[in-house]
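*Asks:* missing the sequence, but the structure's below:
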Ligand SMILES: NC(=O)C1=CN([C@@H]2O[C@H](COP(=O)(O)OP(=O)(O)OC[C@H]3O[C@@H](n4cnc5c(N)ncnc54)[C@H](O)[C@@H]3O)[C@@H](O)[C@H]2O)C=CC1
Ligand SMILES: O=C(O)[C@@H]1CCC=N1
């Protein structure tokens, strides 16, 4: 449990998920978390859980030691600029989960502040995020704090900032790709006889099992696939048909399209 006061600026999809994760993990007490949004109606559940819900960013920033900025890339500059004099670089750290805005850019907007970039995904709400972190001017104490926090909200890895756009695609967008894969399995499962609820359970638990095999056993996917593909069996027949239809290729092309969207706009 951390006694640090945390302010989340931008209580949208990711900001709210971070607040939920901080609460569920026990990393923070509800009263130590403040979350801001212009229209706070969607934050009722967090408010009911004891989180401080605010419209006033200045008040939230003043009362915090850790500020997590979860605004859209197109308004983060404008909003941070408005409050740049409210920050206290001697006592605070700024963590940005904003896509495509560099540490240098953010440190220029809020002079003197140590900025950390973090790229979690929405599974942070249930402590299952993959979070990539980049540090530049953070002190060892700040680095340890941020790493520990995101480790308690899933798994965290530190990467070179030049890989942050790639991390955004593979980790943050990646959860959407995985969910679409599961949805397609559900659609197929219904077509071959299951009701939607049973198909959802089978598809999701099967993907969870596949992921856990790789994480726990540290094996290569193809080595695990070899164990499933009985010669002349149904698995290889299905896999090969998927590849004939461009399965791996479509995923790789999707990943590079997402990446180009961040890099080229
Ligand atoms: N949604 C995701 O899965 C992920 C999002 N990100 C990044 O996180 C950031 C936030 O993304 P989302 O949560 O999806 O967007 P969102 O649009 O759901 O959240 C942004 C929130 O900021 C609020 N906001 C706007 N102006 C404000 C102001 N002046 N003061 C306080 N709040 C204000 C908006 O009302 C909105 O609720 C983006 O930069 C995105 O690229 C990064 C990783 C994953
Ligand atoms: O789609 C987006 O732009 C954001 C960044 C990563 C996940 N959602």
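*Replies:* Perfect, thanks for sending it. Remember, predicted model here, so these are calculated numbers, not experimental data. Ligands and ions are numbered 1, 2, ... in the order given.

*Asks:* rest of the way, CA atoms for contacts and neighbours
*Replies:* Fine.

*Asks:* show the subsequent helix or strand relative to the helix or strand encompassing residue 80.
*Replies:* Secondary structure assignment for residue 80, by DSSP states H and E: helix 76-82. Towards the C-terminus, the helix or strand next in line after helix 76-82, according to DSSP H and E, is strand 93-96.

*Asks:* now do that next one, average pLDDT.
*Replies:* Averaging pLDDT along strand 93-96 gives 98.

*Asks:* and that strand, which strands flank it?
*Replies:* strand 66-69 (parallel), strand 114-119 (parallel) (DSSP bridges).

*Asks:* list the buried residues for the helix holding residue 80?
*Replies:* Buried residues in helix 76-82, defined by neighbour count with 16 or more other C-alpha atoms under 10 Å: 76, 77, 80.

*Asks:* now do the SS call for residue 112.
*Replies:* Remark: residue 112 carries the secondary structure label coil [criterion: DSSP: H, G, I helix; E, B strand; the rest coil].

*Asks:* check contacts around the residue lying closest to it once chain neighbours are set aside.
*Replies:* If you skip the residues right next to it in sequence, residue 112 has residue 89 as its closest partner in space, 5.5 Å away by C-alpha to C-alpha, 6 or more residues apart in numbering. Applying C-alpha atoms under 8 Å, 6 or more residues apart in numbering, we find residue 89 in contact with 112, 113, 114.

*Asks:* dump the strands paired with strand 93-96 to JSON lines, plus mean pLDDT and distance to residue 169.
*Replies:* Conversion of the strands paired with strand 93-96 to JSON lines gives the following (pLDDT from 0 to 100; distance: least, C-alpha to C-alpha, whole Å):
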{"stretch": "strand 66-69", "mean pLDDT": "98", "distance to residue 169": "19"}
{"stretch": "strand 114-119", "mean pLDDT": "98", "distance to residue 169": "10"}
